[in-house]
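Colleague: Take this sequence and fold it.
(one chain, ligands or ions: 1)
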Amino acid sequence: MWPIGVFASIGSGLGVQLDVVKELGIHSVQLCCPHKENRTKENAESFLKKLKEIDVTISVVFCDFKGESYADIPTVKKTIGIVPKETRAERVQEIREIADFAKILGCDALGIHIGFIPHDKNDPDYAELIQIMRDLSDYLKQNGQRFHLETGQETADGLEQFLTDLHRDNVFVNFDPANMILYGSGEPIPALKKVAKWVRSCHCKDAKWSDSPGETWGAEVPFGEGDVNARLFLETLKEIGYDGPLTIEREIPQDAARQKTEIMQAMTFIENVKKEIL
Ligand code: MG
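Modeller: This next block holds a predicted model:
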């Protein structure tokens, strides 16, 4: 129960590199998917071989698209996922290709930030996004795969509504408690309880609330040092019966040394809580 995982990348990306995964002694990763030009069968097979050598399995392959930026909340609205209209068609096609790439990697879950879904159910784009996600979910199902939607951009109520309207049995949630705070979408622990039945993976990430939630970013901080209440987060995961990987995410690839140190800090924090509550 609860193997420690880490968010990892091949080449560029927000995650840590495989040599760091090995050094940290971690055996589970969520993989930030490489961009189109590197998503070849040969690359997948050679990557898989490397993973085998260090005894690492991939729990979730995460979609990552060119042109996405998390610089600030307005930029996220404009650039992330399948909500922006200019890039929608090409990204929808890419998701199918990423699913096929993940299949070669032997991974049955695809993680995605779909972007800011309209809050108003009567917005015509809401229905269009539901239809797109239904088609994609059906494609994944044929591949024997699930979708894990990353939390943050929606409130728990909004996410529950979207999942209910989607009405597909292979769509779940990747719960990131820090994102709820960073995006100003609500208190993470009640949100986790609300969407509990959909939670199939999670990010151990922490953050502090901004002065203007929903308008400006809060600050991402090491797991255990923010407003998530990391211990209660783990206790609540136990309470809802979650037994999958605890994937540490620390998105500061520009400072690899600090990223590694803070991941190690998170590992120690998690190990200590595990000893007490499991
Ligand atoms: Mg996350």
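
Colleague: which stretches of the stretch 1-150 of the chain form helices?
Modeller: Here the stretch 1-150 of the chain has its helices, by DSSP state H, counting those that start in this stretch, at 18-24, 41-53, 73-79, 88-104, 124-142.

Colleague: closest to the ion out of those?
Modeller: Among the helices of the stretch 1-150 of the chain, helix 73-79 comes nearest to the ion, with 12.5 Å by C-beta to the ion. Yep, even glycine has a C-beta here, placed from its N, CA and C like the rest.

Colleague: For stretch 51-64, list every residue counted as buried.
Modeller: For stretch 51-64, a neighbour-count test (16 or more other C-beta atoms under 10 Å) marks 51, 56, 58, 59, 60, 61, 62, 63, 64 as buried.

Colleague: what's the closest of those residues to the ion?
Modeller: residue 62 (8.5 Å).

Colleague: is it true that that closest one touches residue 33?
Modeller: Yes: using C-beta atoms under 8 Å, residue 62 is in contact with residue 33, at 6.0 Å.

Colleague: dump the residue contacts of the residue of the stretch 51-200 of the chain found nearest the ion.
Modeller: Closest contact between the stretch 51-200 of the chain and the ion, by C-beta to the ion, is at residue 176 (3.6 Å). With contact set as C-beta atoms under 8 Å, 6 or more residues apart in numbering, residue 176 has these partners: 150, 151, 152, 202, 203, 205, 249.

Colleague: again, but for residue 64
Modeller: By C-beta under 8 Å, 6+ apart, the neighbours of residue 64 are 13, 14, 32, 33, 34, 35.

Colleague: Over to residue 180?
Modeller: Residue 180 touches 151, 152, 156, 186, 187, 188, 191, counting by C-beta under 8 Å, 6+ apart.

Colleague: With residue 74 instead?
Modeller: Going by C-beta under 8 Å, 6+ apart, the list of residues near residue 74 is empty.

Colleague: same deal with the one 4 residues further on?
Modeller: When the contact criterion is C-beta under 8 Å, 6+ apart, the partners of residue 78 are residue 84.

Colleague: near the ion, which residues of the stretch 151-278 of the chain show up?
Modeller: 176, 203, 249 (C-beta under 5 Å from the ion).

Colleague: Please, where are all the helices along the stretch 151-278 of the chain?
Modeller: Taking DSSP H, counting those that start in this stretch, the helices of the stretch 151-278 of the chain run over residues 156-166, 177-182, 188-194, 230-239, 256-277.

Colleague: Please export the C-alpha coordinates of the first one as PDB.
Modeller: This points to helix 156-166. Presented in PDB, the C-alpha positions along helix 156-166 are these (Å, rounded to 0.1, in the frame of the first residue of the first chain):
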ATOM      1  CA  ALA A 156     -15.100  19.900  -6.200                       C
ATOM      2  CA  ASP A 157     -18.800  20.500  -7.000                       C
ATOM      3  CA  GLY A 158     -17.800  21.500 -10.600                       C
ATOM      4  CA  LEU A 159     -15.700  18.400 -11.000                       C
ATOM      5  CA  GLU A 160     -18.400  16.200  -9.600                       C
ATOM      6  CA  GLN A 161     -20.900  17.700 -12.000                       C
ATOM      7  CA  PHE A 162     -18.600  17.200 -15.000                       C
ATOM      8  CA  LEU A 163     -17.800  13.600 -14.100                       C
ATOM      9  CA  THR A 164     -21.500  12.900 -13.600                       C
ATOM     10  CA  ASP A 165     -22.500  14.500 -16.900                       C
ATOM     11  CA  LEU A 166     -19.600  12.700 -18.700                       C
END
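
Colleague: give me phi/psi at the residue of the stretch 51-200 of the chain closest to the ion?
Modeller: Backbone torsions of residue 176, given as degrees, to the nearest 10, read phi -110, psi 100.

Colleague: if we can go back for a sec, could you list which of the buried residues of stretch 51-64 belong to strands?
Modeller: If you go by DSSP state E, the buried residues of stretch 51-64 have 58, 59, 60, 61, 62 in strands.

Colleague: mind putting the buried residues of stretch 51-64 in TSV, distance to residue 103 included?
Modeller: Listed next are the buried residues of stretch 51-64 as TSV, based on distance: C-beta to C-beta, whole Å:
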residue	distance to residue 103
51	15
56	18
58	11
59	15
60	13
61	9
62	15
63	14
64	17
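
Colleague: If we only consider those, which is nearest to residue 27?
Modeller: residue 56 (5.3 Å; C-beta to C-beta).

Colleague: how about low-confidence regions in the chain?
Modeller: For the chain, applying pLDDT under 70 flags the ranges 12-13.
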